[in-house]
Structure formats: structure tokens, C-alpha cells
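Peer 1: Mind folding the following:
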Amino acid sequence: MSAPSSTPPAQAENAALENEALAPDSGLRPPGPTPSQSRFQVDLVAEAAGAGADDKSPSSDATSSAATEGPDAGAATEEAKGRFRVVNFADPSAEGTGAPPEGAPAEGLQNGDTVMSETSLHSSTGGQHHYHYDTHTNTYYLRTFGHNTIDAVPNIDFYRQTAAPLGEKLIRPTLSELHDELDKEPFEDGFANGEELTPAEEAAAKEAADSKGVVKFGWIKGVLVRCMLNIWGVMLFIRMSWIVGQAGIALSCVIVLMATVVTTITGLSTSAIATNGFVRGGGAYYLISRSLGPEFGGSIGLIFAFANAVAVAMYVVGFAETVVDLLAGVNAIMTDETNDIRIIGTITVILLLGISVAGMEWEAKAQIFLLFVLVTAIINYFIGTFITVQSKAPMGFFGYDGSIMWENMGPDFREQTFFSVFSIFFPAATGILAGANISGDLADPQLAIPRGTLLAILITGIVYLGVAVSTGSCIVRDATGSINDTISSQFMANCTDAACKFGFDFSSCAGKKCPYGLQNDVQVMSLVSGFSPIITAGIFSATLSSALASLVSAPKVFQALCKDNIYPGFSMFAKGYGKNNEPLRGYILTFCIALGFILIAELNIIAPIISNFFLASYALINFSVFHASLANSPGWRPSFKYYNMWVSLAGAVLCCVVMFVINWWAALLTNVIVMGLYIYVSYKKPDVNWGSSTQALTYHQALTHTLHLSGVEDHVKNFRPQCLVMTGYPNSRPALLHLVHSFTKNVGLLICGHVRTGSRRPNFKELATDQSRYQRWLLRNETKAFYTPVFAEDMRQGTQYLLQAAGLGRLRPNTLVLGFKNDWRDGDMMNVETYIHMIHDAFDFQYGAVILRLKEGLDVSHIQGQDDLLSSQEKSSGMKDVVVSIDMSKDSDGDSSKPSSKATSLQNSPAIQKDDDDDGKAPTQPLLKKDKKSPTVPLNLSDQRLLEASQQFQKKQGKGTVDVWWLFDDGGLTLLIPYLLTNKKRWKDCKIRVFIGGKINRIDHDRRAMATLLSKFRIDFSDITVLGDINTKPKKENSSAFEEMIEPYRLKEDDMEQEVAERLKNSEPWRITDNELELYRAKTNRQIRLNELLKEHSSTANLIVMSMPLARKGTVSSALYMAWLEALSKDLPPILLVRGNHQSVLTFYS
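Peer 2: Okay, here's the model as predicted:
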């Protein structure tokens, strides 16, 4: 029965205690996913049900000797620690005995092999408790391949979406659970890319999961019957014979074949899309939206649903007209013809609505009955063609005859052309999506849609061809209907018509229009048939079945569209009722639209538009297959193999051609409507991700172009500033981000670099999560940038990582952008050493360097709730009021990430977090966690100024100046950045003023030389100022202030022994030596003097762009260089210190 536990008691006790500490609630249920996402769930093996199962409790039900067999019995393995409870399997022999066998682990112990989770499932069982095993049904004896592991074997349920309608979603063990160190707390993984559903899809999936009593159709009843009924319209009975009269047998067959080619290609494309994964409800809309994305899907879905709604009116009016004709034949008109059509049409559409609302089962039964009537009518016609009746001869029916067939072989167009006749016939071939439109009601859409649709096209095409050939072979084009128009034998020689052979002369029809014959009588099929009332019944059946199919299709497609929330105003129509999730609101809307058009009763104008709407959807289905094949996405692998991307493209082109053939103005109108809806949906940017082929092709093209770009050498004409901006979190230094974005937007690459430092072990999972969160934040704030975080020991190392590895191919940064380190004198001077070395590293890697300084500072991350003021995101109504935890220790602007204010913990990090009560309906989330418990701290004056300053580059700059102090030639970057800025909308009113150094006696010459250079560079400027007094000594008070500033950082080696001085310099390399200070006295004075000149000339500028002073690496200490930058840029408007990499970025050559 059971083996004793091999685990020593102490070990078992320790494991039990440890487990209790980790999972205090383990006695109730294991921590982890929500009920609909239970870990590793598989239904309990049926053998567990014993004779006494009814009176067993769950705990006693889960006792078994098998659970403790072998060494697994008490071994609470470390692998599943903190996560699962051990499970004892039910043993039929242990009836009602709640005591576990000897050596069985106690409740709460964990086993690394198999776990049972107790959970309440939202399924058809009504939320009863179920037990599930965590790998698959064959791991009955607690082993995967007989080994003690939680590593799961392949299982289809791991690949399901959340709340999948065909079964529970299981979640495989995460990589962290299998790979991380044992003492690390395992964390939940999300879903794989693209697996997460929208709230609407989850709701639909949960409704679909309740499969008890739901009606699902097979391929015959669900697709074949519907498609055949929709394709065999009233055209078959009242227009086919006329088409043969006009075009002749040969061209009629060509017309039928042309239409069939278009529908067959579309059928093949539909089959390919339908077999490329699970198909939900929504038909054409679902297929197109999941292939081409919400823009095309949303536009087509709306017009396709509308077209189906209006088609109901068309078919019902066709039925009503036939009834009114019958009433007129027996003088039973109620009022007049038009109003009778309205009355009968209204009654008919109400009856059809009743059938639809009664449920899909009733509708399917009605369709089967109508198909029976229709097939009977067709058979009745073909039987009639073989029965020649003398009384029908004057009306032109003589039975099958070669001479009649030969006479009708060629065309005889009367007031028509080939294409006008084709445009009249083509709508008869539509309807191939009738089955696909109810994809949500099919038992197996992947099997049913291809088989049913293609077989329906084949059968209906053969019948159309059969009718064309048979009518042309036994009926003449013109007949008088008069029995007196016989011909005597002596005139027989002069008669050449086919009717002459049968003793009739219909030559009188040449000058006038006769009432009978293929060209004149639309009721020819009634004449020919064995029993004419059956043909009338067939006409009724054809119209009503098509109307019924459209009445069902329109709400189903519209419901799917509304569930995806593509058009927010229509969300009320997403609600379904009953076990089949029937769109009752959609039925009412479709009924109202149909009734409105029935009452208008002017359908001749609307008919071609409807045909074009259908054709537009066919064209896009074909294009979807071509597009998906072209994108070459690994996810595009339909199980239906009989398609070709080029044939699908040809099908799409053919559909567009046919649209213009049928009616050119209707085709133009359709295209305008589709494009209008496309633009609207693109503008609204619905928050959905369906893995469309548009995404796949975008990636494919980006990869191709990036590789192509890498094979071409850079050229100075194509130089773009591609900036690596050390922002930290993207919302931490908004002014820095906004300014750089101003001159890189649509011009160059912008990467927000973020170095995460800290002594704790790096959490790479958190890093990846932050990366995706902040990338979304950038997109939602319309910032065209990439967020790239890295973990590193310190800032310099992290920056080196980014300088080396950021970017791809030619899409690599060439300019490092930093914020000025305002607090450099307050903190550890080793931070200054790191900061200056970052600039040196940029030059070592041949990067340009840019430093932005605002006197108020740049870093706003310490300000409480700053995202309320900065974020342009929409706040969800369901979110709480924002207040973030505050850290009063203000961070330096130069440091990209310090634990003080940029702590990587979730408490301080401005990471996107969801509230516990957030139901996921909010399409966007704010960047800061809102917490009711945190007190609101009022902003002090300096923080208010900081926030205002951080937004200054988002405002329109007005009429001001951008002052460019181009003192040293760095290749032109100092001049290119202001030029790019002033090209932007916000800066276009600012004038560029250029300041250069020169000699007093050559000021005019230098000004002319610079003006010539700028004109050759084609850069507009308003003024050039030549500064002849740069080398004048600065004011004494400014020099004294500088000396006072650097005093704490001097080494003063002359006042100490050499060995002590060297030791101090080695330990504090940033210190300024007396020798160095004396050596660079002139350069120091220049920075102080330049600050005086800047205050004199540029104190009112919107932005100053100035050449950054260089310091020779290893010669100038960090403190002295930092002091230069401080002295140069203090107490000024926003200043951008720029130094290119001394390679030309401007050229005057064409």
C-alpha cells in the first residue's frame, strides 16, 4: 500500500514550518492566479470516484497510498516552495476514511511533482468546487516521465487565451519558478505576447465558456445550407433567362464563370484565414480585423453590417413585389402597388424578426425548410424542360433542340452591354460569407467554413450554368404568344428562325416588342416548369431565405464589432442574451434599418451600393491573405493549403474592378466611406493588439530597411542628430526630454537611457516590465522615443553599456545628452568624477556631447503627484486620486538613477501600476500610483517654479531668439541643433542670432565671413555678433567668487608632503592641483568672462546654444572642469552646451 516516508522528521517539520511561513493561507487555497487562470489545471481523473464518494469531504477524498509511493512521499521538495500544496490522490478502496496512510505528508506540505489546486471555476458547473492536477492527466502517479519535477509536458491548454471557450487556460510553470534561486520569491508571469484579451473579448469568452445547451451547427446546416440559400437568390428564377437572351449561352456561361472565379478566390482566401487559428463570432469583420488590424476591420465591419441590414429590405421588397404581382393577377390589390409592397414588406420583416429572435435553432429549421422548397423548385424547372407541351409553343418553348441552342449561342444585346449584364448578374453570386458570418455559432469553424463555402460555390455555380444552358437550348428569344402565328409549308423556305422548324413565325417581333421569349418574359422559368406554382414558391423561398440570412448576419457582425469597442458609441449593442448570447438589440436595430428602407421602397439606387459594400469586404479578405503571406510572419500557417498569395491579390484586384463595372459612382462612394472610417479608427487608436499582418509587415519592412541602411556608408548630407538622452525614468526630467524631442521628432533617433544602480541583486524581470511600461507611456504622450534601461554597478559603467550597445545598425545614437548636475557641490564628489567621466567616455566613443542647464533644475521625480500636472494621459474614471510617496531628498539632475529619489522599488518608482479594484476597462493607466492614504503635501515655491520650468519647452515659444554662441568649430552640431529647432512649429517664430569670437580690428571681416558661411549652409539668421573682448579679464568679484567656489576642492599640494599629496590625489582624483590651476588660468578666466558676456547679450533669449569647453582627459581634474561648466552657465536662461565629435555635420555641396 504505502511506503514509510524517507524524509527525516526534523526535515519534514522544518519544511512544514517554512511552508507555513511562506503560505499562511495554504490550508484554504494556494496563492496564485484568479479562478479562471488556475495553475496547471486538468480535470480530476474519473477513477477517483469511489462507492462512498457522495459522503466524502474534499480532504478525505484526496487520500491515497499512491500519493506517498516511493521517496516522493514526504519529500517537500524545494522546487515548489511558497507556491503549492501537496495533493493526495483519491483511492477508491479508502472509502470514507479521512486518515492519511502512514508517512503521508500533512496538509500544507508541498510536493515538487504535482499539485492540486482547489478553485471555483466560472464555468457551466455554476461555480462548484473542482480539483485539478497541475500537469496533465497522465501524471497520475506524481511524476513527469517518472521524475520529480514541476516542469510540464506540452499541453494544448497552455496555449489557450484567458477564459477560452473550449476549455480552461492552464498556466505553465514560469521560467523563474524553474530557474531562479530557491530563496527568491516566485512572481507571476503575464501572458505571452498578444495572448491577453481585451475586456470585451474576455467577457465574450466567458459567455462562450458556458457551453451547456448552446446550439452549435455543423458544416452542412451552418455553412452549406446558408451559403446556397444566399447565393441562389431571386435572380435564378426571374433574371437568368433574360441574361441568356441578352448575352447568349456562351457569354452567359462566361459571366457565370467570371463571377464564380471571383467568389471562388474569395472562398479560398476566407478558408485560409479561417483555418489560421481559432475563429470567434463576427464573420467577415472578425476575419479582416484579426488579419489587417482594427482600422480596416472596423471600417469594413460597420459597412458590412449595414449592407446586410439594407439587404434584408432588398430581399423583402423582392418578395413583396412578387406577392403584389400575384394579387394584381386576381384583382386583389389592397390600396395601390407601392403601398401594398410596404404593407406586405412590413408584415414579412416582422415575421422574420420573430423567427430570428426565437433563436438560431428556429432560424436554422426555417432555413432547412426554405432550402427544401428552393431545391424542389429547381428540380421542377429541370423536369419541365424535358416535357414539351403544345400549348406552350406559341410562347417560345419548344423543348431541347440544337437549332434553338445554336441560335441562342451568340449575344443579342438590346440596350445593354456585356458589362451591364454582368453587373446585373453578379449580385446573384454574392452571399458566400453567409456561413462565415455566424462563425461564433459553428461547432468547428475551421472545418465548416472552408468545406461549406467552397462546396456551396461549386453547387450553385453548376446550377447557374445548367439553367443558362437549358434555357438557351429550349426557348427562343422572341415569341408572340399567339397560336395564329404559324407558318405554312410554302413559306417555310424563306423562314430562317429556329421557331420556323416547329411551324411558327415570330418575325413580327423584329419591329415591335413581343410579350414572350427569353428577352421579354422574366417568368420564363414558370412557363417551362412542370408545375408553375412551385417556381413561385421557389421565388418566395429564395427571397425569404436571403432576407433571413442577412437579418441574422447583420446583428452578429455588429455585435462582434461593438464588443471590440472600436466605435465607443455603439457599445450598448455588444450585450447578448440567453444561452446563445443572441444580439437582441442588434436584431431590433437591423429591423429598424430594414423597415426604414422598405418604407422608402426606392431600392434601385441603393442596390448597387450594397453590392459594392459586399465586394469591398471580399476585396479586403483577399488582400488580407496576400498581406499576411507577404509579411512572412511565423504565425501565418493556415491548415488550408490550397491558396496562393498572388491569386488572392488578383482576387482583390478583380473585386475592385467589378465594383467599378457594376457602378462607378457607387464604387467611389464605397471607397470614400471605407477610407473615412479607416481614418477615424486610426485617429481613435483603439487599445487592441490582435497580432495583425500589418504589424508583421511593419516589422518585416523595418528589418529589411535597417539591414539595407547598414550596407550604405553615412553621408554628411544625411547626418541626423541621434540622441542618447540620460533621462532616468522618461517622466523624471520632462524639460530635457521635450527639448531633445523638439529637434529629433521625425528627424532622428531618440533613446531615453536609464541606468539602474543599487546594491541589491538586479531584478531583470522588473527591468523588462518597466521597459514595456515606459515605452507605452512615451507613445501615449506622443513622444517618438525609445526607453532603454540597464542595470550597472555605477552610472559610468551603465552609460558605457548604453554608448556601446544602444541602437541597431545605422540607427545608433551619435550624441550623448545629459542634464547639468546642479547639486554637484552638495553630494559626494565621486559622483562628479563619474559625471565628468561620462562626458569623456562619450568623446572616446566618437559621440557628440550636449548638456542642458535650467537654473531651476531638471529633475521633478521627487515632487508628489507630479504626473497629474505633467502626464497628458487620460485618467480612468475608475482610478483613485493620485498621490505618490514622496522623498524629500532631491536628486541631482545629472545622475540618471539614484536610490534616493529613483529607487527601483515599486513604492518609489513612478511605474505604471493597476489598482486592485481596477477591472481592466481603462484603456490607459496613469504613470503614478494613486493612494488615498498618503497625505497631500503642498508644493513649495521652488518646486512650483521647477514644475513650470519643466513644461516651458512644450509651449509655443513666441517671438524670441535662439542665441548660438558658436565659438569653436565642432563640425557644425552647435549650429545644426538650433536650425532644426526653429524648423518646428513651437519654435518657428524664434530668430537665430549667431555670436562668434574675433579680433577687435577684424570684426567686420569676421562678420562677413560668417554670413557667407551661413548662407552657403542655407541657414537663416537674424544677426551676427562678433565678440572682440572674449579675452578681456573678468570682473574681480566674479574671479573671487570662482576662487571661493573651488576652494573646498583644491589639493593644495604645496602645503603638504609629496607622498601625502599623491596619496590624497589617488584617493580623491577629482581634487584640483595648484599646478593645474595655474596652467589653465587663462581658460578659467575665459569661462568667467563668457558668462559675463552671456548675461550682457543673451539674458532675454529663449534658449542659448553654446560651444561646450573641452578638458583634456587626465590633465584637467573633474572638479575644475565642473567648475568651468558651472561658471560658464550659471544664472542664465535655458542653456545648451554642445560639442560635436569634430566631424562635419553640415555641407554646402549639393
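Peer 1: From here on, just use CA atoms for contacts and neighbour counts.
Peer 2: Will do.
Peer 1: any weak-confidence spans in this protein?
Peer 2: Low-confidence segments of the chain (pLDDT under 70): 1-148, 161-168, 182-214, 485, 487-496, 601-604, 759-760, 864-938.
Peer 1: Give me the residue at the spatial middle of it.
Peer 2: Note on the chain: the residue nearest the mean C-alpha position is residue 689, at 2.9 Å, using C-alpha atoms, centre = their mean.
Peer 1: For it, grab phi and psi.
Peer 2: Residue 689 has phi and psi values of phi -140, psi 100 when expressed as degrees, to the nearest 10.
Peer 1: any idea how this structure splits into domains?
Peer 2: Listed domain ranges for the chain are 219-479+515-684, 722-858, 958-1149 (source: the TED database).
Peer 1: Dump those to a markdown table, plus mean neighbour count.
Peer 2: Formatted as a markdown table, the domains of the chain follow (neighbours: other C-alpha atoms under 10 Å):
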| stretch | mean neighbour count |
| --- | --- |
| domain 219-479+515-684 | 21 |
| domain 722-858 | 20 |
| domain 958-1149 | 18 |
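Peer 1: would you turn those into a markdown table with distance to residue 509?
Peer 2: Shown next, in a markdown table, are those (distance: least, C-alpha to C-alpha, whole Å):
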| stretch | distance to residue 509 |
| --- | --- |
| domain 219-479+515-684 | 7 |
| domain 722-858 | 73 |
| domain 958-1149 | 76 |
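Peer 1: Can you say which of those is nearest to residue 171?
Peer 2: Closest to residue 171 of the domains of the chain, according to C-alpha to C-alpha: domain 722-858, at 17.9 Å.
Peer 1: Can you give me the end-to-end span of the closest one?
Peer 2: Here the two ends of domain 722-858 are set 21 Å apart, with distance taken as C-alpha to C-alpha, to the nearest Å.
Peer 1: That one: how far from the chain's middle?
Peer 2: 29 Å (C-alpha atoms, centre = their mean, to the nearest Å).
Peer 1: hmm, back to that, so which of the domains of the chain is nearest residue 944?
Peer 2: domain 722-858 (9.8 Å).
Peer 1: neighbours around residue 486, how many?
Peer 2: Residue 486: 15 surrounding residues under other C-alpha atoms under 10 Å.
Peer 1: Look up which residues are beta-bridged to it.
Peer 2: residue 504 (DSSP bridges).
Peer 1: gap between it and residue 338?
Peer 2: 40 Å.
Peer 1: Pretty sure residue 751 is one of the things residue 728 touches, is it not?
Peer 2: No - applying C-alpha atoms under 8 Å as the test, residue 728 and residue 751 come out as separate, 11.0 Å apart.
Peer 1: can you list contacts of stretch 946-966?
Peer 2: Outside stretch 946-966, the residues that touch it by C-alpha atoms under 8 Å, 6 or more residues apart in numbering are 733-735, 738-739, 854, 856-858, 860, 870, 974-975, 978, 985-987, 989-996, 1098, 1101-1107.
Peer 1: If we use 7 Å, what do you get?
Peer 2: 734-735, 738-739, 856-858, 860, 974-975, 978, 986-987, 989-996, 1098, 1101-1107 (C-alpha atoms under 7 Å, 6 or more residues apart in numbering).
Peer 1: Which of the residues you listed fall in strands?
Peer 2: Among these, DSSP state E puts 991, 992, 993, 994, 995, 996, 1103, 1104, 1105, 1106, 1107 in strands.
Peer 1: could these go into JSON lines alongside distance to residue 1016?
Peer 2: Below are the ones in strands among the contacts of stretch 946-966 laid out as JSON lines (distance: C-alpha to C-alpha, whole Å):
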{"residue": "991", "distance to residue 1016": "18"}
{"residue": "992", "distance to residue 1016": "16"}
{"residue": "993", "distance to residue 1016": "17"}
{"residue": "994", "distance to residue 1016": "15"}
{"residue": "995", "distance to residue 1016": "18"}
{"residue": "996", "distance to residue 1016": "17"}
{"residue": "1103", "distance to residue 1016": "24"}
{"residue": "1104", "distance to residue 1016": "23"}
{"residue": "1105", "distance to residue 1016": "21"}
{"residue": "1106", "distance to residue 1016": "21"}
{"residue": "1107", "distance to residue 1016": "21"}
